[in-house]
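Asker: Sequence unavailable; structure follows:
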């Protein structure tokens, strides 16, 4: 399995930002387990070799967070793959979901806090899927940075990963999608859409703002997920499968 120097990035031909959430130390002396959760950008360009690689890794669940319009434009190549459960759970982010039209968020941090405050039902469904799945779960959006980043943050904080590591995990996306972002900015400009560059960046202060919001408004990931309607046992099931 090709990986980068961090030991977490999965190098595929058809995706730029696929990473394993395993290998992070937790506050109580454990470590997040590899081969349990992958975060990813869009999966519409995966090659057959990419798909086989993911299947060899034990892929059993895909949670696609993109909007219906995004799916229609760029269908996931993992939808319909034998042995893989594919679930579309749309997370509206106000940016990619709306095709960069309308009112844009003041900052990515504002958008992430909005996602937390308005996505209780979706997160309840997603974490139940994670708890039920025997094998590798992958979740993705378009760039693998925003909607995917908030979900990754919840998983890492539930496991007990410190804020600094969560922020670093988030910040990696900007490097991984740099070339793709440049192309997208240019394509948007040709369409007359002047999207600000911060929409394509991973500023650490945006994730810090989200972590503070999670802690101050909800008391942390465990209590946030309880607010979403998950039982304590359901939450502990996901945590237990993610730490070693």
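Answerer: The structure has been received and is ready for your questions. Computed from a predicted model, the values in this text were never measured in an experiment. Numbers count the residues shown, from 1 in each chain.

Asker: hey, where'd the strands end up in the protein?
Answerer: 19-20, 37-40, 59-64, 85-88, 136-140 (DSSP state E).

Asker: want to try a markdown table for the ones you listed, with mean pLDDT, distance to residue 150 and mean neighbour count as columns?
Answerer: C-beta here means a position set from N, CA and C on the backbone, and glycine is covered the same way. Formatted as a markdown table, those follow (pLDDT from 0 to 100; distance: least, CB to CB, whole Å; neighbours: other CB atoms under 10 Å):
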| stretch | mean pLDDT | distance to residue 150 | mean neighbour count |
| --- | --- | --- | --- |
| strand 19-20 | 98 | 15 | 24 |
| strand 37-40 | 98 | 11 | 25 |
| strand 59-64 | 98 | 13 | 22 |
| strand 85-88 | 98 | 17 | 15 |
| strand 136-140 | 98 | 11 | 24 |
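
Asker: need the ones you listed in TSV with distance to residue 117, can you?
Answerer: Formatted as TSV, these follow (distance: least, CB to CB, whole Å):
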stretch	distance to residue 117
strand 19-20	26
strand 37-40	21
strand 59-64	20
strand 85-88	22
strand 136-140	20
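
Asker: Quick one: residues contacting the closest residue to residue 108 other than its chain neighbours.
Answerer: Among residues not flanking residue 108 along the chain, residue 206 sits closest, at 4.1 Å (CB to CB, 6 or more residues apart in numbering). By CB atoms under 8 Å, 6 or more residues apart in numbering, residue 206 lies in contact with 107-109, 112, 170.

Asker: Most neighbours among those residues, which one?
Answerer: For the contacts of residue 206, neighbours were counted using other CB atoms under 10 Å, and residue 170 has the most, 28 neighbours in all.

Asker: how near is that one to residue 84?
Answerer: Relative to residue 84, residue 170 is positioned 26 Å away (criterion: CB to CB, to the nearest Å).

Asker: What is the least confident helix or strand in this protein?
Answerer: Ranked by mean pLDDT, DSSP states H and E, the weakest helix or strand in the chain is helix 178-190, scoring a mean of 69.

Asker: circling back: tell me the spacing between the residue nearest to residue 108 and residue 199.
Answerer: Noted for residue 206: a distance of 11 Å to residue 199, by CB to CB.

Asker: Give the residues shared as contacts by those two.
Answerer: Common neighbours of residue 206 and residue 199 (CB under 8 Å, 6+ apart) are residue 108.
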